[in-house]
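Visitor: Fold the following, please.
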Amino acid sequence: MDKENRDRGYRIYVAQSDVQVDAALRLRADVFAGEENYLTQEGCPGGREGDSRDFDERTIHVLVEHPDDGVVGVGRLEIRPPLAGTGFSSFGFALERSYDLRVLALLAVQPVAEVSRVAVRRRHRGAGGATRHLIYELGRQAVAAGARYWVGDANCETPSAWAARDIYTRLRELGLISHIPFALREPPVELAPRRPSDASLCELPHILTSYERTARVRFAGYPHLDPKFGRYAIGFIADPRFAVTRCRPWP
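Guide: Coordinates of the predicted model:
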């Protein structure tokens, strides 16, 4: 877990100290509150965005650092086997507050990895940027731990139920909906009738297209409103081996 990769000036590594975890929490606050306005500064006490999962001994924090700009990308990974029984939680993931993953638990004979809290500074996104390197290392860590599936929530970047519906419809038109369903814990918001929009004109958010392009993800549930960030999100599933092969650093 202490492997480092260097590519076009980026350094990718797994946090090994409290100082490095703190750097990840600070970067998340800078992106989520400072750049994207998903959160207020008051919602990030001490300039950090975090929760109890950040300090679980099973949690892996991946950081991407640039020589001029410092830490520019972070992501969190939790790897767990299915839990015994058929209770509310099949794995103990945060994702299960929104989705029922019991179908996945029946399929998974190996551990499953949950990806969360992915944050990349705007100027380091795009082809060849920090996002690609971050997804590569998250995938590599999941594969090394024996995970067969990779799950998480992708931010739809909208507070509108209408826009979230259009995004889902567009993903379905593109054949990007998984055959493994994640059932919503709560039924979707009932939308009042209106003239149908043309979902084919819907522009997909950056993180959705990045996940599909770099990790061949498929989206596995209807969008739900994330109460913390005030934006709709949609569950996804992938084989982490695709992230490793598609995002392998250039020689």
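
Visitor: distance of residue 207 from residue 148?
Guide: 23 Å (CB to CB, to the nearest Å). Quick note: C-beta positions are derived from backbone N, CA and C, even for glycine.

Visitor: more neighbours, these two?
Guide: Set side by side, residue 207 and residue 148 show more neighbours around residue 207, with 20 against 16, by other CB atoms under 10 Å.

Visitor: Provide the secondary structure category for that one.
Guide: helix (DSSP: H, G, I helix; E, B strand; the rest coil).

Visitor: Going by neighbour count, which residues of the longest strand that the chain contains are buried?
Guide: When the chain is parsed with DSSP state E, its longest strand is strand 70-80. For strand 70-80, the neighbour count (16 or more other CB atoms under 10 Å) marks 71, 72, 73, 74, 75, 76, 77, 78, 79, 80 as buried.

Visitor: Give the pairing partners of the next helix or strand after that strand; include direction for each.
Guide: Reading on from strand 70-80 to the C-terminus, the next helix or strand found by DSSP states H and E is strand 99-100. Partners of strand 99-100 in the sheet, by DSSP bridges, are strand 183-184 (antiparallel).

Visitor: How much space separates residue 41 from residue 211?
Guide: Residue 41 sits 28 Å away from residue 211, going by CB to CB.

Visitor: Which pair in the buried residues of strand 70-80 has the greatest spatial separation?
Guide: 72 and 80 (28.3 Å; CB to CB).

Visitor: Among residue 41 and residue 211, which residue is more densely surrounded?
Guide: Between residue 41 and residue 211, counting by other CB under 10 Å, residue 211 is the more crowded of the two (25 against 10).

Visitor: so that one sits in a helix?
Guide: Yes: counting by three-state DSSP, residue 211 is part of a helix.

Visitor: isn't it right up against residue 205?
Guide: No: using CB atoms under 8 Å, residue 211 makes no contact with residue 205, being 10.0 Å away.

Visitor: anything in contact with each of these two?
Guide: Here residue 211 and residue 205 have residue 154 as joint contacts, going by CB atoms under 8 Å, 6 or more residues apart in numbering.

Visitor: Then residue 116 would be within a helix, right?
Guide: No: if the criterion is three-state DSSP, then residue 116 is strand and not within a helix.

Visitor: Phi, psi for residue 236 please.
Guide: Per-residue torsions, residue 236: phi -140, psi 160 (degrees, to the nearest 10).

Visitor: Name the nearest residue to it, sequence neighbours excluded.
Guide: residue 217 (4.4 Å; CB to CB, 6 or more residues apart in numbering).

Visitor: circling back: could you check how far the longest strand of the chain is from the centre of its chain?
Guide: Counting by CA atoms, centre = their mean, to the nearest Å, strand 70-80 is centred 9 Å from the centre of its parent chain.

Visitor: That one pairs with which strands, and in what direction?
Guide: Strand 70-80 is paired, per DSSP bridges, with strand 59-66 (antiparallel), strand 112-120 (antiparallel).

Visitor: Contacts for the shortest one, please.
Guide: Applying CB under 8 Å, 6+ apart, the set of residues contacting strand 59-66 from outside is 1, 9-15, 20-21, 23-24, 27, 53-54, 71-79, 120, 124, 130, 133-134, 137-138, 141.

Visitor: and the longest helix along the chain, what does it pack onto?
Guide: With secondary structure taken from DSSP state H, the chain has its longest helix at helix 130-144. Under the contact criterion of 3 or more CB pairs under 8 Å, 6 or more residues apart in numbering; DSSP states H and E, helix 130-144 touches strand 5-7, strand 10-14, strand 59-66, strand 70-80, strand 112-120, strand 149-155, helix 206-215, helix 240-246.
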